[in-house]
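Undergrad: Have a look; sequence and predicted model below, questions after that.
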Amino acid sequence: MKDIRRKRVAEILASGSALAGETVDVKGWVRTRRGNKNVQFIALNDGSTIKNLQIVLDLSRFSEEELKPVTTGSSIHVQGKLVESQGKGQSVEVQADELEIYGTASPEEYPLQKKGHSLEFLREKAHLRPRTNTFGAVLRIRHALAFAIHKFFNDKGFYYFHTPLITASDCEGAGAMFQVTTLDPENLPRTEEGKVDYSRDFFGKHASLTVSGQLEGELGATALGNIYTFGPTFRAENSNTPRHLSEFWMIEPEMAFYEIKDNMDLAEEFIKYCVSYALEHCADDIQFLNDMFDKELIERLKFVIHNDFVRLPYTEGVRILEESGRKFEFPVYWGVDLASEHERYLVEEHFKKPVILTDYPKEIKAFYMKLNDDGKTVRAMDVLFPKIGEIIGGSQREEDYDKLMGRIEELHIPMKDMWWYLDTRRFGTVPHSGFGLGFERLVLFVTGMQNIRDVIPFPRYPGNCEF
């Protein structure tokens, strides 16, 4: 093999006929091989694009024995001349001069042969499914959205703030947390009362994996002004649904001096930016998913970008649902925590636009949300999307120490380990707001996939911790 810089398939296809006549060096995995006794065609993919590069092998130069190991899933290295293609489906192709086989994939054993595979089957092969067209597209879109998130906040002067994954606080008060311990489960130390003695544990106290970085994010906002977190979070809920994971990624901006309206403005701008970025930078992948899985995907993405979000008080939303005449699976009444079917009705059928629902009853929202003057509702906001329901949840935070303590005592929240959080209300408190976006919910919306387990490389859910 000559010493030539390798070009990725995406680079070659983007250059098109401008590189015609040059000798190129390509490496990748074989998607298919076909041909006749005179010529063979290999569809080569290296993960850089959903499109394959056609490799043409003249059988006067390569023996059948030499090509026998080149099967679907095998990896190869090819050098040859890039020429304009005579066939349909590609603008250029490589006429191979030299071929090196890196790794074989036995047709009898390799599970991703050239045929349709169900998404359920591919979840069982999560270590190999990124090699399929579908999951290659999803993961490239996932990357683009992650980059867009960092770019959006960086360009707006936010600071990326790293919050702990191991914590002694339960932000949501739900208690569905994974415990972190080095204690021997077969020989747990006990107190005189018979309870587990966590003072003997690694951290000297009960510790868990975080459900949210929000509370620590508020600390950052009251020093740096505007921050955002972007990291893994964990929920030990026994939820086997297409919308829940036990390990997922969250984006949580927190902004000092932001009122609820500022918060809503930022959320709408942010999500439109992310969707626009994906449409611009992942056009081929989104088109593929549109054609294969969801014929309305691109139309729906553009719809979100080009429409102002409706801003609607919870009370008005409940009235619309009650007067809709629709029989919902879960009853609607003032004070209920709206289900996905309610949220989707408002978005998809009534307004036919994304909706930001505000001013929820305080009983169904977290303790840190700012109480409205009516004493019944809080300055909460949920961004509701078609096909998804809630995609963002946020609020203006309660900055008044006495009011916050009143809510904590009312809800009997154990605060002995959260003195540090209350200090933000004791020392230079300010109005501030923030929201959380489940990253996988965003990827689910942009890809049009139906199950959240299909938009993260290795999904974690009850009963499953493979790979």
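TA: Now that the structure is in, tell me what you want to look at.
Undergrad: Flag the shaky bits of the stretch 201-350 of the chain, pLDDT-wise.
TA: Of all residues in the stretch 201-350 of the chain, none has pLDDT under 70.
Undergrad: Tabulate the CA atom coordinates of stretch 460-467 in PDB.
TA: Coordinates of the C-alpha atoms in stretch 460-467 are reproduced here as PDB (Å, rounded to 0.1, in the frame of the first residue of the first chain):
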ATOM      1  CA  ARG A 460     -30.500   1.200  31.000                       C
ATOM      2  CA  TYR A 461     -34.000   0.300  32.200                       C
ATOM      3  CA  PRO A 462     -35.500  -2.100  34.800                       C
ATOM      4  CA  GLY A 463     -34.100  -5.600  34.300                       C
ATOM      5  CA  ASN A 464     -31.500  -4.500  31.700                       C
ATOM      6  CA  CYS A 465     -27.900  -3.500  32.300                       C
ATOM      7  CA  GLU A 466     -26.200  -5.200  29.400                       C
ATOM      8  CA  PHE A 467     -23.000  -4.000  27.700                       C
END
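Undergrad: can you list the residues that contact it?
TA: 126-127, 238-240, 244-247, 453, 458 (Cβ atoms under 8 Å, 6 or more residues apart in numbering). Heads up, the C-betas are built off the backbone N, CA and C, glycines and all.
Undergrad: Out of those, the closest to residue 223 would be?
TA: Nearest to residue 223 among the contacts of stretch 460-467 is residue 247, at 29.1 Å by Cβ to Cβ.
Undergrad: The closest one: how many residues sit nearby?
TA: Neighbourhood size, residue 247 [other Cβ atoms under 10 Å]: 17.
Undergrad: what stretches of the stretch 51-200 of the chain score poorly on pLDDT?
TA: For the stretch 51-200 of the chain, the ranges with pLDDT under 70 are 170-175.
Undergrad: At which residues are the strands of it located?
TA: Counting by DSSP state E, counting those that start in this stretch, the stretch 51-200 of the chain has strands at residues 53-58, 75-84, 92-103, 159-160, 166-167, 179-180.
Undergrad: Setting the sequence-adjacent residues aside, check what's closest to the most far-flung residue of the chain relative to its centre.
TA: In the chain, the residue that sits farthest from the middle, by Cα atoms, centre = their mean, is residue 60; the gap is 49.1 Å. Nearest non-adjacent residue to residue 60, counting by Cβ to Cβ, 6 or more residues apart in numbering: residue 38, 7.8 Å away.
Undergrad: Identify each of the strands in the stretch 201-350 of the chain and give its residue range.
TA: In the stretch 201-350 of the chain, the segments counted as strands under DSSP E, counting those that start in this stretch are 207-209, 226-234, 247-256, 310-313.
Undergrad: wait, which of these is closest to residue 428?
TA: strand 247-256 (9.8 Å).
Undergrad: tell me which element the nearest residue to residue 46 once chain neighbours are set aside falls in.
TA: Spatially, and ignoring its direct neighbours in sequence, residue 46 is nearest to residue 28 (3.4 Å; Cβ to Cβ, 6+ apart). Here residue 28 sits within strand 23-35, counting by DSSP states H and E.
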